[in-house]
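Undergrad: Here's a sequence, model it:
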Amino acid sequence: METQSDNTPTHPALISSWLETTQLGTPQTHRHLTLFPLLRSANGLVYQTMGEAFRAGALQIQEVSSGGSVPDLQAINSSALPILLLDGEELRGAKQNRVLNTSILLAAHSKLVVPVSCTESGRWSYSRPDFEDSRMLMSAKSREFKQKRVSLNYEQMGRPVSDQGEVWARIEHETQSLGGSSRTSAMRDVYEQQAGNMDEYQRAFTALPGQCGLLAVLNGKPLGCDLLSRTEAYASVHTKLVQSYVIDALQELPLPKTEDAQATGPAFLAAARHCTCRSFAAVGLGADVRMDSAIVSGAALVVDHTVVHLSLFAGNAATSPDQLESMRSARRRAESRPRHQS
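TA: All right, here's what the predicted structure looks like:
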């Protein structure tokens, strides 16, 4: 095993070890979606999730100025514990709804400008002075698209910047796929219109004691997984994460014959251990590790030799020519709307 000078594992070795020691629980299936609970022993690094911090009044997120800046927000942690902001978590309010571009551990008693993407292209006016937890997480496939673009921009620009036009196009594509509508082209509106279908899936996928993550298999093919370092943190975001995979399931018809989820799930985790990794200084605490292979891509937030959050996707961003043209059209329509980006 490759090690650093202080005899602690390198980021690739640490991530591989975490994956190797993570156990898959008994899968839960509803229709054509199967979720494997991911189980592992608790870790000593203590932090709050974004939802917990908002409820405790310990977190404030606001525009960086009265005029605002689409790709940036200011986060203020007034508590004695770090706060975990998850890649893809949505913030609701201020001048327009946003999602986080990458997972961030916000240090205790600190203020930080965090990178975000807009998920409401038709609004640029205050709905409230600051943000609240939207209680929603971007769909897995949209997170994959965004994550790949952010990884590329880390390489080229040294910053976790998304392709905003691509984010808008993904939202419009999902809106059309689900037969939804939104006056301000808001991701949240479309999710809310699917609440009944969402609840049906949510009842089938319950969080288990010791669960720290989940691995999703759709129509017998791996979709992705999320793994957190603390069971309490996972329990706080379980509903959001399930929702992120369900929204993709709602856009895909069940196939009459699929591959065996029991085999493809473990194989996906095994393949993830052989990704090429590149480490960047995280926006908050720790390192932002970008992972890639021929069949798996992902990102991991590593702090104090702890994999705080790991998200992996199975290469589903390769869409058909018809889907790509649909997304290009959606992007052109979204970008043609008047909006302010300072």
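Undergrad: What are the contacting residues of stretch 197-206?
TA: 28-31, 33, 35, 191, 214, 239, 242-243, 246-247, 249-250 (CB atoms under 8 Å, 6 or more residues apart in numbering). C-beta: built from backbone N, CA, C; applies to glycine.
Undergrad: For PyMOL, write the select line for the buried members of those residues.
TA: Selection of buried members from the contacts of stretch 197-206 for PyMOL, criterion 16 or more other CB atoms under 10 Å:
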select buried, resi 28+33+35+191+214+239+242+243+246+247+249+250
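Undergrad: and of the contacts of stretch 197-206, the nearest to S142?
TA: S142 lies nearest to I247 out of the contacts of stretch 197-206, by CB to CB, at 8.6 Å.
Undergrad: For the helix or strand hosting the closest one, output the C-alpha coordinates as PDB.
TA: Using DSSP states H and E, the element containing I247 is helix 231-249. The C-alpha trace of helix 231-249 is given here as PDB (Å, rounded to 0.1, in the frame of the first residue of the first chain):
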ATOM      1  CA  THR A 231     -24.700   6.800  10.800                       C
ATOM      2  CA  GLU A 232     -26.400   9.800  12.400                       C
ATOM      3  CA  ALA A 233     -25.500  12.000   9.500                       C
ATOM      4  CA  TYR A 234     -26.800   9.400   7.000                       C
ATOM      5  CA  ALA A 235     -30.100   9.200   8.900                       C
ATOM      6  CA  SER A 236     -30.500  12.900   8.600                       C
ATOM      7  CA  VAL A 237     -30.200  12.800   4.800                       C
ATOM      8  CA  HIS A 238     -31.700   9.400   4.000                       C
ATOM      9  CA  THR A 239     -34.900  10.800   2.600                       C
ATOM     10  CA  LYS A 240     -33.100  13.300   0.400                       C
ATOM     11  CA  LEU A 241     -30.700  10.600  -1.000                       C
ATOM     12  CA  VAL A 242     -33.500   8.100  -1.700                       C
ATOM     13  CA  GLN A 243     -35.400  10.900  -3.500                       C
ATOM     14  CA  SER A 244     -32.400  11.600  -5.600                       C
ATOM     15  CA  TYR A 245     -32.400   8.100  -7.000                       C
ATOM     16  CA  VAL A 246     -36.200   7.800  -7.200                       C
ATOM     17  CA  ILE A 247     -36.600  10.800  -9.400                       C
ATOM     18  CA  ASP A 248     -34.500   9.000 -12.000                       C
ATOM     19  CA  ALA A 249     -36.500   5.800 -11.600                       C
END
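Undergrad: now for whatever helix or strand comes next after that helix, which elements pack on it?
TA: Toward the C-terminal end, the helix or strand that comes next after helix 231-249 (DSSP H and E) is helix 261-272. The elements that helix 261-272 packs onto, with contact taken as 3 or more CB pairs under 8 Å, 6 or more residues apart in numbering; DSSP states H and E, are strand 23-24, strand 33-39, strand 211-218, strand 221-228.
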